[in-house]
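S.K.: only geometry, no sequence info:
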């Protein structure tokens, strides 16, 4: 059976629940704000991990409007919500020194979220010796940032680069930012996922690299990701379902059209579509046509959310000035 590709725990839970109903070892809740919705998924044990196909831990998904980073009021709201959830994941972790890592290939726009986010991150580690008074009273925290590129550019596993830097810089926590793959079109560029389970770069596009997590680095790791691509087979499966439902709803006497789909699980439909596309070499990934603008806006949103978590009391206007 061909598994539907998604990096989002929320979608993995939807798929697993559709197949098996309520999932033992998995809990969650949803909070709705005026313009945003926060979904929390908690994988509690190995049974839940097996059913979800994801490590034990906490996953937070923030759904938000695409214009969030363009409208100043919505940007402020988005930063407030995401930074609050990030702080919750970090919990009581000592944040005196934090390393922010932007994963991905900046030359490939859908994969550039991580490196671009680093540009919106307030890097302060080099200021600690120059302005110690600001760090002593926790007005500022020591933050270092890195965009290590990808294996094909450097010949070095990203996890190895980060581990080496951690041994030198000795951060108390690591925040990694990466582009993700989604199952549904509606979640492209409208969803931010945060988790405390680390990350396997490239896993959503079938290009697994070495794990980056507390287990491999020795310090707490929080991953932040935004889905920027969807697999063509996954997209087609989704569209077939949408079209079938639309026909049944709007055309009289069409209730039997696509009725055979009801006999298949989502993974089985996905496998059928993937087999159909394979002879045409259509194992592709699809991204929004305005992905340049999307990456620009979302990297700002994520970067400023990290700043708001680590540098308490700094306003968005001050962030704009600092990173300009």
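M.R.: Nice, I can see it. Quick caveat, the model's predicted, so the values are computed rather than measured. Residues are numbered from 1 along each chain as shown.

S.K.: how long is stretch 104-123 from one end to the other?
M.R.: Taking C-alpha to C-alpha, to the nearest Å, stretch 104-123 runs 19 Å from one end to the other.

S.K.: List the residues that contact residue 116.
M.R.: Listed by C-beta atoms under 8 Å, 6 or more residues apart in numbering, the contact set of residue 116 reads 102, 106, 295-296, 299, 303. The C-beta positions use only the backbone N, C-alpha and C, and glycine is treated the same way.

S.K.: With residue 13 instead?
M.R.: Shown in contact with residue 13 (C-beta under 8 Å, 6+ apart): 23, 26, 28, 41, 52.

S.K.: now the residue nearest the centre of the chain, nearest residue through space, not along the chain?
M.R.: Centroid-nearest residue in the chain: residue 225, 1.8 Å away (criterion: C-alpha atoms, centre = their mean). Nearest non-adjacent residue to residue 225, counting by C-beta to C-beta, 6 or more residues apart in numbering: residue 180, 4.0 Å away.

S.K.: Quick check: that neighbour is in a helix.
M.R.: No - Residue 180 is assigned strand when assessed by DSSP: H, G, I helix; E, B strand; the rest coil, not a helix.

S.K.: could the contacts of residue 116 go into a markdown table alongside pLDDT?
M.R.: Formatted as a markdown table, those follow (pLDDT from 0 to 100):
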| residue | pLDDT |
| --- | --- |
| 102 | 98 |
| 106 | 95 |
| 295 | 96 |
| 296 | 94 |
| 299 | 97 |
| 303 | 98 |
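
S.K.: which one of the residues you listed sits closest to residue 120?
M.R.: Here the nearest of those to residue 120, counting by C-beta to C-beta, is residue 303; it sits at 2.6 Å.

S.K.: Roughly how far does the closest one sit from residue 195?
M.R.: 18 Å (C-beta to C-beta, to the nearest Å).

S.K.: for residue 311, same thing?
M.R.: Using C-beta to C-beta, residue 311 is found at 22 Å from residue 195.

S.K.: got the phi/psi numbers for residue 41?
M.R.: Phi and psi for residue 41, reported as degrees, to the nearest 10, are phi -120, psi 130.

S.K.: Now do it, the pLDDT please.
M.R.: Per-residue confidence (pLDDT) for residue 41: 95.

S.K.: Looking at residue 303 and residue 195, which has the bigger crowd around it?
M.R.: Using other C-beta atoms under 10 Å as the criterion, residue 303 and residue 195 rank with residue 303 on top: 26 against 23.

S.K.: give me the number of residues near the closest residue to the more buried one other than its chain neighbours?
M.R.: Excluding its sequence neighbours, the residue lying closest to residue 303 (C-beta to C-beta, 6+ apart) is residue 120, at 2.6 Å. Applying other C-beta under 10 Å, we find 22 other residues in the vicinity of residue 120.

S.K.: who's in contact with residue 120?
M.R.: Applying C-beta under 8 Å, 6+ apart to residue 120 gives the contacts 299-300, 302-304, 307, 319, 323.

S.K.: ditto for residue 291
M.R.: For residue 291, the contacting residues are 109-110, 189, 228, by C-beta under 8 Å, 6+ apart.

S.K.: Lowest average confidence across helices and strands of this structure, where is it?
M.R.: When each helix and strand of the chain is scored by mean pLDDT, DSSP states H and E, helix 266-277 comes last, with a mean of 72.

S.K.: Give the pairing partners of whichever helix or strand comes after it; include direction for each.
M.R.: Counting by DSSP states H and E, the next helix or strand C-terminal to helix 266-277 is strand 285-286. Strand 285-286 pairs in its sheet with strand 221-231 (antiparallel), by DSSP bridges.

S.K.: now the strands for the stretch 151-300 of the chain?
M.R.: According to DSSP state E, counting those that start in this stretch, the stretch 151-300 of the chain carries its strands in the segments 173-182, 191-195, 221-231, 285-286.

S.K.: quick one: low-confidence ranges for the stretch 151-300 of the chain?
M.R.: 202-208, 252-267, 269-270 (pLDDT under 70).

S.K.: about what we covered before: quickly list what the residue nearest to residue 225 is bridged to.
M.R.: The partner list for residue 180 in beta bridges (DSSP bridges) reads residue 227.

S.K.: which residues does it contact?
M.R.: By C-beta under 8 Å, 6+ apart, the contact set of residue 180 is 7-8, 193, 204, 225-228.

S.K.: Isn't residue 303 up against residue 121?
M.R.: Yes - between residue 303 and residue 121 a contact is recorded at 4.9 Å, counting by C-beta atoms under 8 Å.

S.K.: Could you pull out the residues contacting both of these two?
M.R.: By C-beta under 8 Å, 6+ apart, the residues touching both residue 303 and residue 121 are residue 323.

S.K.: thought residue 198 was touching residue 54?
M.R.: No - using C-beta under 8 Å, residue 198 is not in contact with residue 54; the gap is 10.9 Å.
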